[in-house]
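Visitor: got a sequence here, can you model it:
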Amino acid sequence: MSIKVLIVGGVAGGASAATRARRLSEEAEIILFERGEYVSFANCGLPYFIGNEIKDRNALIVTQPELLRDRFNIDVRTMAEVIDIDREAKQATILDHTTGQEYEEGYDKLILSPGGQPIKPPFKGIDLDTVFTLWTIPDSDKIKAYIETKQPRSAVVIGGGFIGLEMAENLKELGLEVTIVEMLDQVLPPLDYEMVSLVQLNLKRHGIKLHLSDAVDSFEKIDGQTIVRTKSGAELATDMVILSIGVRPNNELAKKAGLELGQRGGVITDETMMTSDPNIYAAGDVIEVTDYVNEQPAMIPLAGPANKQGRIAADNVFGKNSVYKGTQGSAIVKVFDQTVAMTGNSEKTLQRLEIPYLTAYTNNGSHASYYPGAQHMDIKLLFAPGDGKILGAQIVGMDGADKRIDVLATAIRAKMTVFDLEELELAYAPPFSSAKDPVNMAGFVASNMLKGDLDTINWNQVDDIDPASQVLLDVRDGFEVNVQGVIAEGMHIPLNQLRSRLNELDKSKTYIIYCVVGQRGYIAYRMLVQNGFKAKNLNGGYNIYFAAKNG
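Guide: Numbering: from 1, shown residues only. Sure thing, here's the model as predicted:
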């Protein structure tokens, strides 16, 4: 098809759109504009380049402009910013940052994928030379050069999101003392509080200081140090600051062109990635997406969806009739020796949207316990109370957490239920898994709840139990109680003694059972209810409760 296609933005969505467009048409004229110096670079790898985990800077550059020109016959123009679009004339105005000149370029179809950029609020001192943001390769060059030349001993990371945590880890590995300042009461805002508490305990174990529930007010340089002042009045002296408080869509061009925007500023598209102008498509961090689980508008800036959206936009430019079915927010981050992952909706999101849900927690090994090196992972599964449809999942673990979140992400995409998780036949050999995989185990627990075989109480309900009618029953072994402590005053009967000591229990009371992670509590629960006692099992056991109270 002999048409002229302009693509604005040369990273994830734009580069995918450009190469897909060429694979669909040898005749089309394709021009890719990128206002920066690089196209298709690995911005997710930038923190690891700064931390020397990735040593070769060139490894961050996924595709060179020359390759796009030679292999795909794409006219790549870097340092070229599209600053205006005349939709009626179907003409774009481009500013060449190398020459300072402006020129026009006509189009038949235009794909908008300018991405996002770090949020920089108008704090006093925001432009100090010790305050950095990280989004591009030049940003990482700047930070790396500062560390190598100034040899800072401390850093404050503003914002505890994915990039903030990755930067905190890498700066710590370089030997800096690191403090994270986060305005919310937890890091990793997309995850639920009790799961993040497991992460926060790990951050503290690795020497990261957490300053939570406090927002930044200003920055100031005094005697060679940067003072981070917060709304609470705290003053944190540091050698450098990394600002990582979120991303906003680069929507200025779309707004100027009069394209329809959503409430959060994202460009609105239909399922074909078409904007309110039938000749303009959009993809990536600039667009508003539909949440795959709750079907509400959302802003979810992730590289995977951006690449898929760019491909779909190109398909539809050339009449392929492809559709994008929504984003479910699958994400993963390394936090020192820990893996933290999520997919679908969090409990917070479900509560906000008033969507009914149930929660199941499990803790199982990454592979068979008798094979060396097994590491436990905590899984939180959110599911519908009626049919058991999977709504979301979060995992905090080490080895093997990544493949389990991918299985659960696939299950959500396939609209599977917790009953399907019970039946999944997953690869098993002792070095890799168990005969009952952690995903199966999550399905078993959730299914037991729906079938009426298990009644639970969650960590945030324990402190409100009525001592007149409810009794905490600890079924851990004695050494565990001595090492870990107890939740509160109650009864302690190790599980292996419980059957012979049922006569010590009162059938007029409800027993709130807990063990370390919930598995022995479930066995105790089944024993009690089948012997005429009333009981509930603490979901996730002592571990989840302790983390939520101490993280």
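
Visitor: what about residue 531, which SS state?
Guide: Assigned with DSSP: H, G, I helix; E, B strand; the rest coil, residue 531 falls in the coil class.

Visitor: identify the residues contacting it.
Guide: By Cβ atoms under 8 Å, 6 or more residues apart in numbering, the residues touching residue 531 are residue 502. The C-beta positions use only the backbone N, C-alpha and C, and glycine is treated the same way.

Visitor: now it: how far from residue 525?
Guide: Using Cβ to Cβ, to the nearest Å, residue 531 is found at 11 Å from residue 525.

Visitor: tell me where this protein is predicted with low confidence.
Guide: Within the chain, the ranges that satisfy pLDDT under 70 run 1.

Visitor: next, count neighbours for the closest residue to residue 12 other than its chain neighbours.
Guide: Residue nearest to residue 12 in three dimensions, not counting chain neighbours: residue 306, with 4.0 Å by Cβ to Cβ, 6 or more residues apart in numbering. Residues lying near residue 306 (other Cβ atoms under 10 Å) number 28.

Visitor: and the residue nearest the centre of the chain, backbone torsions?
Guide: In the chain, the centroid-proximal residue (Cα atoms, centre = their mean) is residue 331; its distance is 3.9 Å. Main-chain dihedrals, residue 331, degrees, to the nearest 10: phi -150, psi 160.

Visitor: can you count the residues close to residue 303?
Guide: For residue 303, the count of nearby residues is 16 (other Cβ under 10 Å).

Visitor: what residues are up against the residue nearest to it when sequence neighbours are not counted?
Guide: Using Cβ to Cβ, 6+ apart and skipping the chain neighbours, the partner closest in space to residue 303 is residue 12 (5.1 Å). Counting by Cβ under 8 Å, 6+ apart, residue 12 makes contact with 40, 113, 115, 284, 303, 306, 307, 310.

Visitor: one more pass at 7 Å, please.
Guide: Applying Cβ atoms under 7 Å, 6 or more residues apart in numbering to residue 12 gives the contacts 284, 303, 306, 307, 310.

Visitor: ok, the first one touching residue 115?
Guide: Which is residue 284. Yes: counting by Cβ atoms under 7 Å, residue 284 touches residue 115, with 5.5 Å between them.

Visitor: any shared contact partners between the two?
Guide: Residues touching both residue 284 and residue 115 (Cβ under 7 Å, 6+ apart): residue 9.

Visitor: out of these two, which sits in the busier spot?
Guide: When neighbours are counted by other Cβ under 10 Å, residue 284 comes out ahead of the other of residue 284 and residue 115, with 32 against 26.

Visitor: roughly how far apart are the more buried one and residue 254?
Guide: Taking Cβ to Cβ, one finds residue 284 at 12 Å from residue 254.

Visitor: same thing with residue 452?
Guide: 52 Å.

Visitor: so what's the nearest residue to residue 196 once chain neighbours are set aside up against?
Guide: Ranked by Cβ to Cβ, 6+ apart and with sequence neighbours excluded, the top spatial neighbour of residue 196 is residue 186, at 4.5 Å. Residues in contact with residue 186 (Cβ under 7 Å, 6+ apart) are 193, 196, 212.

Visitor: could these go into TSV alongside secondary structure?
Guide: Formatted as TSV, these follow (three-state DSSP):
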residue	secondary structure
193	helix
196	helix
212	strand
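
Visitor: any chance of those residues in JSON lines, with neighbour count and distance to residue 540 too?
Guide: Putting the contacts of residue 186 into JSON lines (neighbours: other Cβ atoms under 10 Å; distance: Cβ to Cβ, whole Å) gives the following:
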{"residue": "193", "neighbour count": "20", "distance to residue 540": "13"}
{"residue": "196", "neighbour count": "25", "distance to residue 540": "14"}
{"residue": "212", "neighbour count": "15", "distance to residue 540": "22"}
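
Visitor: so which of those residues would you say is closest to residue 400?
Guide: residue 196 (20.1 Å; Cβ to Cβ).

Visitor: that closest one contacts residue 187, doesn't it?
Guide: Yes: counting by Cβ under 7 Å, residue 196 touches residue 187, with 6.0 Å between them.

Visitor: what lines up beside whichever helix or strand residue 94 is part of in the sheet?
Guide: Assignment of secondary structure by DSSP states H and E places residue 94 within strand 91-96. Strand pairing for strand 91-96, using DSSP bridges, gives strand 80-86 (antiparallel), strand 102-106 (antiparallel).

Visitor: the shortest one: what's the following helix or strand?
Guide: To tie it back to what came earlier, the one meant is strand 102-106. Defined by DSSP H and E, the subsequent element after strand 102-106 is strand 109-112.

Visitor: show me the strands in the stretch 251-400 of the chain, by range?
Guide: Assigned by DSSP state E, counting those that start in this stretch, the stretch 251-400 of the chain shows strands spanning 267-268, 280-282, 287-290, 297-298, 331-335, 338-344, 358-365, 376-383, 390-397.

Visitor: show residues contacting the third one.
Guide: Around strand 287-290, the neighbours that count as contacts under Cβ under 7 Å, 6+ apart are 262, 264, 266-269, 297-300, 305, 309, 326-327.

Visitor: for those residues, which one is nearest residue 386?
Guide: Closest approach to residue 386 among these (Cβ to Cβ): residue 326, at 21.5 Å.

Visitor: quick check: phi and psi at the closest residue to the closest one other than its chain neighbours.
Guide: Closest residue to residue 326 apart from its sequence neighbours, by Cβ to Cβ, 6+ apart: residue 292 at 3.5 Å. Dihedral angles of residue 292 (phi, psi; degrees, to the nearest 10) stand at phi -60, psi -30.

Visitor: hmm, residue 292 is touching residue 324, no?
Guide: No: judged on Cβ under 7 Å, residue 292 makes no contact with residue 324 at a distance of 9.9 Å.

Visitor: where do the strands of the stretch 451-551 of the chain begin and end?
Guide: Under DSSP E, counting those that start in this stretch, the stretch 451-551 of the chain gives strands at 456-457, 470-474, 491-492, 510-514, 534-538.

Visitor: for those, give me JSON lines that also has distance to residue 224 and mean neighbour count.
Guide: Output for the strands of the stretch 451-551 of the chain, formatted as JSON lines (distance: least, Cβ to Cβ, whole Å; neighbours: other Cβ atoms under 10 Å):
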{"stretch": "strand 456-457", "distance to residue 224": "54", "mean neighbour count": "21"}
{"stretch": "strand 470-474", "distance to residue 224": "54", "mean neighbour count": "22"}
{"stretch": "strand 491-492", "distance to residue 224": "56", "mean neighbour count": "14"}
{"stretch": "strand 510-514", "distance to residue 224": "52", "mean neighbour count": "26"}
{"stretch": "strand 534-538", "distance to residue 224": "51", "mean neighbour count": "24"}
